[in-house]
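**Q** Here is a sequence together with a model predicted from it:
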Amino acid sequence: FIAAQKSADGQIVYHDVAPDDTLSIIGNSGEWYSLDLNNDGIADYSVAADIIYFENHAMIGKYANGSISNSVAGTYANVGMPAYNVFKLEASDPISQSVNWVKANTPKDDYFGNLLEMFSYEGYWQNGVTDGYIGLRIHVGINNFYGWLRCDVAADASFIIIKDYAYNSIPDSSILAGQGIATNSNEISESEKDFSLHLFPNPTKDILTLTTKEHLINSVITVYDLAGRIIKQEAGVTLNSNAVYSLDIGLLNAGSYLLEVRSSQNSVIKKFNVVQ
């Protein structure tokens, strides 16, 4: 289950991997995780704990169908073959164009991919890491989007724990490592229940109806596509338990969208689908 939310500034799209996903090396086999940073249905990276050349490896690489321009923050690894060491970022470290970016090779192709840790070699993730951040940059159309992935890595590179990730939905805009993680009531994920909002019918063709038990005055309703772009917005909306609110989405293309209702007290995001 992945709960999606936007930050209080409406730019950072955050995804909580719940429960955390542990990738382990068992015997001679490893496990892989496909990361779709901007939730557009196209996997951008592969994260893996696996065995290559008889060594445990914790690594991240470009997913086979992802953009060839997807990158990770890191530097060249001196391991005798083309590979890169991924930087271990700390919370609040800036992730932007000024960071050193290296191509995210596809793991298990002619390259190792991008190494978090090799059991017997160098790297920034040695000796076990808890809550380390990876800087990510994906290329969509003509734009770059910056994000982060938070994970733990075992000291012997035998497992990785994927915890959460986020990206800035504004093209070519920076993000801080860990930015978007909910720290107060102004950042509410769709998995939380203290803000009751129901959408129906879902899927829908033309009209989406909103109901709530809350009493919300001067709210803003925003529809985003899964890349974080604003598709539709209505302001000055009053929602309460005595009425329903109908949102015309007849001009939207078929697909999945995120609907955010934001008031002065808090906000909630729900996913809905449009069919033709």
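**A** Cool, got the structure.

**Q** Domain boundaries for this protein, per the record?
**A** 2-176, 197-274 (automatic domain parsing).

**Q** and those domains, which is most packed in?
**A** Comparing the domains of the chain by mean neighbour count (mean count of other Cβ atoms under 10 Å), domain 2-176 ranks first with a mean of 19. C-beta coordinates here come from the backbone N, C-alpha and C atoms, glycine included.

**Q** I'd like the distance from that domain to the chain centre, please.
**A** In terms of Cα atoms, centre = their mean, to the nearest Å, the centre of domain 2-176 is found 11 Å from the chain centre.

**Q** How about stretch 223-232?
**A** Distance, centroid of stretch 223-232 to centroid of chain: 15 Å (Cα atoms, centre = their mean).

**Q** just use 44 as the starting number from now, easier for me
**A** In the new numbering, first residue 44, that becomes stretch 266-275.

**Q** Contacts for that stretch next, please.
**A** 49, 54, 56, 81-84, 183, 210, 212-213, 265, 276, 290, 292, 295, 298-303 (Cβ atoms under 8 Å, 6 or more residues apart in numbering).

**Q** By mean pLDDT, show me the worst of the domains of the chain.
**A** With a mean of 79, domain 45-219 has the lowest mean pLDDT of the domains of the chain.

**Q** what sits opposite residue 187 in the beta ladder?
**A** residue 182 (DSSP bridges).

**Q** how near is residue 220 to residue 204?
**A** 17 Å (Cβ to Cβ, to the nearest Å).

**Q** before we move on, what about residue 62?
**A** 10 Å.

**Q** before we move on, what about residue 83?
**A** 25 Å.

**Q** Please apply the same query to residue 280.
**A** 40 Å.

**Q** before we move on, what about residue 87?
**A** 19 Å.

**Q** What segments of the stretch 94-243 of the chain are helices?
**A** For the stretch 94-243 of the chain, helices defined by DSSP state H, counting those that start in this stretch do not occur.

**Q** So residue 146 sits against residue 114, correct?
**A** Yes. Counting by Cβ atoms under 8 Å, residue 114 is a contact partner of residue 146 at 6.0 Å.

**Q** And the contacts of stretch 195-204?
**A** 63-68, 76, 90-92, 98-101, 159-162, 168-175, 194, 206.

**Q** can we see that at 7 Å?
**A** The contact list for stretch 195-204 (Cβ atoms under 7 Å, 6 or more residues apart in numbering) reads 63, 65-68, 90, 92, 99-101, 159-162, 168, 170-175, 194.

**Q** Need the distance between the two termini of that stretch.
**A** 5 Å (Cα to Cα, to the nearest Å).

**Q** Which residue of the chain lies farthest from its centroid?
**A** Note on the chain: the largest C-alpha distance from the chain mean falls to residue 285, namely 36.2 Å (Cα atoms, centre = their mean).

**Q** and it, which of the three is it?
**A** coil (DSSP: H, G, I helix; E, B strand; the rest coil).

**Q** which residues sit in contact with it?
**A** For residue 285, no contacting residues are found, by Cβ under 7 Å, 6+ apart.

**Q** can you rerun that using 10 Å?
**A** Contacts for residue 285 (Cβ atoms under 10 Å, 6 or more residues apart in numbering) come out as residue 258.
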